[in-house]
Every structure is written in C-alpha cells, then in structure tokens.
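Participant: only geometry, no sequence info:
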C-alpha cells in the first residue's frame, strides 16, 4: 500500500474515522507552500523541523488547507489503506501467472467484483527468519511487477471480511516480465508505477509513496514465517482502484489490464 512518510505519522493521520479530527501527539500535520506548487498544500512533517510529505501528491482529492481538512470528511480510499502494521494475506502457486497470461473472471454469484491493483513485487533470494530491517536487502534477489487481482465482494462482505479468499482465486497474481536484480534497480523506492485498463490510466504514482518500505515489510513478515528463495512479497498499491470509484468499476470479460513499473517493465493481462 502506498502513501508517503513514516509509519507512526501515517497511522496517526489515517486513524481519523470519526470527526472532528483529533491529532495524535506523534503527528505533525502542516499546511505549506512551495515554489513549484500552486497555492497551499496539506502535508506531514517527517520530524521536528524535518522534510514535508505532500499529502495532496498522494491523493489530489484531499483538501489543500488545514481548515478544509479539519472540517471535512476523510477520503474513504486513504482511510482504508493505512494500518498500524502491514496487513498480510497470502497467495499460493495456483495464483501465479505469466506476464501475458489471461486472468480469469467469473461472472457468477460467487465472484462479481474483480478489481485491479498494480504493485511492486520483491523476490527473496536467501532463506531467513527474524530478519532485521537493516539486514533485509541482503535477502532480496530482485524486483518485478505484480498485478494483485482482488475480489472485492469476498474482501468486504463474504467470509467474515477475511482477506485471504478475496486474494487467492486461481490466476489472481500475474507477475513479470522479468526478475530485475536489485543491483540493476537504482532505487526501488523511487520508481514510477501505473495501471491501465483498456488503455485508460487508472493508477499513477511512485514507489516513494509506499507506507511500508521493503526493509520494513521483510522484517515484519519474517517474524511469523521463514522466507525461502523464490518467495514473493507484494508491497501494496496506489490510489485508483475500482472499488473506490464513484460509481465503483470492476473488471469484466474482454478487459485488458496493463501494469507497469519504471525500470521493471510491463505486464499485460486480459480478462476472460
């Protein structure tokens, strides 16, 4: 999942399910101006006197002034995306597909709300458990592009709202087009990332907006499971998924989804 800034700041900001908004003591919410921006913008200060994260760059629909933010209602997509710790679901080998394979879509009572999510995928190259964040990159082989296909009806209403089934239908994890070794990627946390459905850009962001960086994800997950070479971590998706559109938009038979990440390539999957 993608937004900017340190975990404690984002958690404090997007805890705001009820209004009026009550700031956490750990959060530094600011209104700021910059020479390259038009008008005021809403931001998070990354420390006492530190840099400022532009929240409007993450989501242009957010208010741009402090007054509007405090008086308004928080954007539902942003509120849904930022937890205290990285949420974890799983995928099995049946979900893994090639970069140009067809993604199944079942127009039936069991599966009707299939959604897109472009994500940076981290491929592990070394066994490990209880990995420290400072040692995490030594366990990484490289990166690739992932399409984390999601069944929103199973994520939000069925099966007790558990994430697992909504993420684990067959064909729900196209990967590719290649494993790009970590030494070949200048900075995995500064790559343009986008998704197109039938040629229309529906997600466009940068991996510098990730809530949880690669090292933190590896450290967190390795507390519970042992990583082996070939294991893959999907790191999260930018705003723009279908479920939060008004009205919601879901994939249908004949749609073509293109997921692209700078330096890593493009994968193209058709819905059948």
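Facilitator: Structure received. It should be emphasised that the depicted structure is a prediction, and the values quoted were computed from it without experimental measurement.

Participant: can you give me the helices for this structure?
Facilitator: Taking DSSP state H as the criterion, the chain carries its helices at 7-14, 55-58, 66-71, 76-81, 152-156, 163-167, 214-221.

Participant: avg pLDDT for the last one?
Facilitator: Per-residue pLDDT values across helix 214-221 average out to 93.

Participant: Check the shortest one too.
Facilitator: Across helix 55-58, the average pLDDT comes to 74.

Participant: name the helices or strands packed onto that helix?
Facilitator: Helices and strands touching helix 55-58, by 3 or more CB pairs under 8 Å, 6 or more residues apart in numbering; DSSP states H and E, are strand 41-45. Every residue, glycine included, has its C-beta placed from N, CA and C.

Participant: Can you tell me the strand partners of the strand it packs on and which way each runs?
Facilitator: With DSSP bridges as the test, strand 41-45 is paired with strand 29-32 (antiparallel), strand 52-54 (antiparallel).

Participant: worst average pLDDT in those strands?
Facilitator: The minimum mean pLDDT among the strands paired with strand 41-45 belongs to strand 29-32 (a mean of 76).

Participant: ok so, going back, select from the helices of the chain the stretch with the lowest mean pLDDT.
Facilitator: Across the helices of the chain, the lowest-scoring stretch is helix 7-14, with a mean of 33.

Participant: how is the chain carved up into domains?
Facilitator: Following the TED database, the chain resolves into domains at 27-58, 74-271.

Participant: worst average pLDDT in these?
Facilitator: When I compare the domains of the chain, domain 27-58 is least confident, with a mean of 74.

Participant: hmm, back to that, buried deepest among the strands paired with strand 41-45, which one?
Facilitator: strand 52-54 (a mean of 19; mean count of other CB atoms under 10 Å).

Participant: returning to what we had before: and the domains of the chain as CSV, adding distance to residue 68?
Facilitator: Output for the domains of the chain, formatted as CSV (distance: least, CB to CB, whole Å):
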stretch, distance to residue 68
domain 27-58, 8
domain 74-271, 12
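
Participant: I'd like to know how far residue 245 sits from residue 146.
Facilitator: Distance, residue 245 to residue 146, using CB to CB, to the nearest Å: 21 Å.

Participant: And these two? Which one has more around it.
Facilitator: Each of residue 245 and residue 146 has its neighbours counted (other CB atoms under 10 Å); residue 146 has more, 27 against 13.
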